[in-house]
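Asker: predicted model and sequence below, questions to follow.
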Amino acid sequence: MTAAIFRGRRLRAAATVGAVAFGLVALSACDKPTPLATVTVGSKTVTTEAACYNDGESIETPKVASCLKEGEDKTVKAAMEDKIRFGVDPKIADKGWTIFINDQAVEPEPNNKTFRSIPASAFFSTGQGPAVAKTKVSIVEAASGKALGVWNFTLERDAG
């Protein structure tokens, strides 16, 4: 009878060690969520995680160009007279962020606010002809001239 008790304890101990090991493996497989960026037009809001994010560390310069093109683009429609509101996680604002239009930086200095509004016409006007129907907008977290994260959105012009 004593041998049966010891075998039961060993079995339970082995099962416990196995469960703990499985739990650690499962936790190590989980990715930490990235900070979020949001675009709002009127009552329509879209939020996305980063296309590229290196836990607050700089992304290699050659990879930034591909980050601006990859990831799931969230789309929001806006009329020319709408205001587009951009919002970022405070972690992004602390380091600074800037807006890219069609993979090109459009601001000389990063912004440190969590929210800002820009007229939709700034994203659809070409200055030389008819307004474009779609514009890719990226929020790039930047510090000391290095990109730390990229969030991608698509703005579609709502004609009516």
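Answerer: Okay, I see it.
Asker: can you pull the domain assignment for this structure?
Answerer: 1-30, 37-157 (automatic domain parsing).
Asker: over to residue 67: give its phi and psi.
Answerer: phi -60, psi -40 (degrees, to the nearest 10).
Asker: is it true that residue 85 lies in a strand?
Answerer: Yes. Using DSSP: H, G, I helix; E, B strand; the rest coil, the secondary structure at residue 85 is a strand.
Asker: pLDDT weak spots in the protein?
Answerer: When residues are selected by pLDDT under 70, those of the chain lie in 1-32, 71-72, 160.
Asker: mind listing the helices for this protein?
Answerer: 2-29, 61-69, 90-95, 121-124 (DSSP state H).
Asker: just how off-centre is the third one within its chain?
Answerer: When distances are taken as C-alpha atoms, centre = their mean, to the nearest Å, helix 90-95 is centred 13 Å away from the chain's centroid.
Asker: quick check: buried residues in that helix?
Answerer: Buried residues in helix 90-95, defined by neighbour count with 16 or more other C-beta atoms under 10 Å: 92-93, 95. C-beta: built from backbone N, CA, C; applies to glycine.
Asker: and for the shortest one?
Answerer: Of the residues in helix 121-124, those buried under the neighbour-count criterion (16+ other C-beta under 10 Å) are 121, 123-124.
Asker: distance to residue 147 for those - can I get that in a markdown table?
Answerer: Compiled in a markdown table, these are given as follows (distance: C-beta to C-beta, whole Å):
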| residue | distance to residue 147 |
| --- | --- |
| 121 | 27 |
| 123 | 21 |
| 124 | 25 |
